[in-house]
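**Student:** Provide a 3D model corresponding to the input given below.
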Amino acid sequence: MKLTILSIVFLFVLNTSAKAQLKEAAQMATLSPILIVMNSDIERYKKSHYTLSTISYLGSYMITDSIWKSAAITLGLGITKELVYDSLLDMGTPLWEDMLWNTLGVSQGVVFTFSLKF
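**Tutor:** You can find the predicted model right below:
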């Protein structure tokens, strides 16, 4: 009888830790596109827009704890950078393609935060 109870407890503990490891693996898999982008032949400025948008989204999510507020804040920062820094201060060329990469970075952050809910 003791062996049966011990086996059930052991299987329960093993099953719980296996689920936690699978959950962590799935969460890390949602962050893997950033590794693909960083190791690709994409231009440097596109990589930086993507990476900084993902990091900005995750940082603002830690502060606001709201997916949609964080996405709005991060996209607002991207728009401000394009309009103020690139256009008004004439420090670069404002491009819609930059906002595309910003949006892709925010999308990756949203997918990651959805994976945290499960």
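**Student:** Now Leu31: closest residue in space that isn't a chain neighbour?
**Tutor:** Phe112 (5.8 Å; Cβ to Cβ, 6 or more residues apart in numbering). Glycine gets a C-beta too; all of them are placed from N, C-alpha and C.
**Student:** Remind me which helix or strand the one you found belongs to.
**Tutor:** helix 96-116 (DSSP states H and E).
**Student:** Buried ones in that helix, by neighbour count?
**Tutor:** 98-99, 101-110, 112-113, 115 (16 or more other Cβ atoms under 10 Å).
**Student:** Looking at those, which is nearest Thr74?
**Tutor:** Val106 (5.1 Å; Cβ to Cβ).
**Student:** if we can go back for a sec, CA atoms of the helix holding Phe112 as PDB?
**Tutor:** Extracted C-alpha coordinates of helix 96-116, given in PDB (Å, rounded to 0.1, in the frame of the first residue of the first chain):
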ATOM      1  CA  TRP A  96       6.800  53.100 -43.300                       C
ATOM      2  CA  GLU A  97       9.000  50.000 -43.500                       C
ATOM      3  CA  ASP A  98      10.500  51.000 -40.100                       C
ATOM      4  CA  MET A  99       6.900  51.000 -38.600                       C
ATOM      5  CA  LEU A 100       6.400  47.500 -40.200                       C
ATOM      6  CA  TRP A 101       9.400  46.200 -38.300                       C
ATOM      7  CA  ASN A 102       8.200  48.000 -35.100                       C
ATOM      8  CA  THR A 103       4.800  46.300 -35.500                       C
ATOM      9  CA  LEU A 104       6.400  42.900 -36.000                       C
ATOM     10  CA  GLY A 105       8.400  43.400 -32.800                       C
ATOM     11  CA  VAL A 106       5.300  44.400 -30.900                       C
ATOM     12  CA  SER A 107       3.400  41.300 -32.300                       C
ATOM     13  CA  GLN A 108       6.200  39.100 -31.000                       C
ATOM     14  CA  GLY A 109       5.900  40.600 -27.600                       C
ATOM     15  CA  VAL A 110       2.100  40.100 -27.600                       C
ATOM     16  CA  VAL A 111       2.500  36.500 -28.600                       C
ATOM     17  CA  PHE A 112       4.900  36.000 -25.700                       C
ATOM     18  CA  THR A 113       2.700  37.600 -23.200                       C
ATOM     19  CA  PHE A 114      -0.200  35.500 -24.300                       C
ATOM     20  CA  SER A 115       2.000  32.400 -23.800                       C
ATOM     21  CA  LEU A 116       2.500  33.600 -20.200                       C
END
